[in-house]
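Asker: with the sequence up front, the predicted model follows.
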Amino acid sequence: HSPVMPVESRKSVSPRPAILWLWLLLVATPLPAAPLSEGVMDSDTAEKITSAYNAGMQAFAKQDWSGAIQQLEMAISILEGFPDKKATVEPRKRFAPVYFTIGAAAFNLPDYPKSIKAFETFMGEWPTHEKVPEAKLAVARACFSDKQYDKAQGLFAEMEKFPTLRDQALAIQAQCFKET
């Protein structure tokens, strides 16, 4: 609609200023960016996720456990906050190391509840991952260190079926029996 003007000046107004105003409005207003195809993540978001992941892994390598957790949780937050959930399916499949590393960093702080939660998320979402036995052992150790001896005993008993972890599991399971 056209701007409201005093009655006296309406008679002398030509249509050109209204057309000019409309043209400026259309030309000066930036058009929204073309939407991405459904199921596609924009490169800026992907770069932010990659950057946070790399910073987290570098912090872990430097034994900066808190920094590692902070950066890796940021990568998760960016991924989970992306509005197109179809676009996050494939990247999420590659996030197993993120949760495993958060679990290890939290264990080293020590923040055993956070460690347990991260390793349990890892095992729940990637049950066939090759590091699941190590994650189970880590949860058992975190439970033991957090004085959750009954839970730890049960987990260590499960570990006996993994030949490479059996000796460790039995030794710590014996300590659980002593503590209870």
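Answerer: Everything's here; your move. Just so it is clear, the model here is predicted, and its values are computed rather than measured. Residues are numbered from 1 along each chain as shown.

Asker: would you check that Phe162 makes contact with Pro133?
Answerer: Yes - between Phe162 and Pro133 there is a contact at 4.7 Å, judged by CB atoms under 8 Å. C-beta coordinates here come from the backbone N, C-alpha and C atoms, glycine included.

Asker: which of the two has more residues huddled nearby?
Answerer: The residue with more neighbours, out of Phe162 and Pro133, is Pro133; 18 against 15, by other CB atoms under 10 Å.

Asker: does that one sit in a helix, a strand or a coil?
Answerer: Following DSSP: H, G, I helix; E, B strand; the rest coil, we place Pro133 in the helix state.

Asker: any idea how far it is from Thr164?
Answerer: 7 Å (CB to CB, to the nearest Å).

Asker: again, but for Ala87
Answerer: 38 Å.

Asker: now swap in Leu79 and tell me
Answerer: From Leu79 over to Thr164 (counting by CB to CB), the distance is 32 Å.

Asker: got a list of what Thr121 touches?
Answerer: Counting by CB atoms under 8 Å, 6 or more residues apart in numbering, Thr121 touches Tyr99.

Asker: next, the residue nearest the centre of the chain: secondary structure please.
Answerer: Closest to where the C-alpha atoms of the chain average out (CA atoms, centre = their mean) is Ile76, at 0.9 Å. The three-state label given to Ile76 by three-state DSSP is helix.

Asker: just checking, it touches Val98?
Answerer: Yes - counting by CB under 8 Å, Val98 is a contact partner of Ile76 at 6.3 Å.
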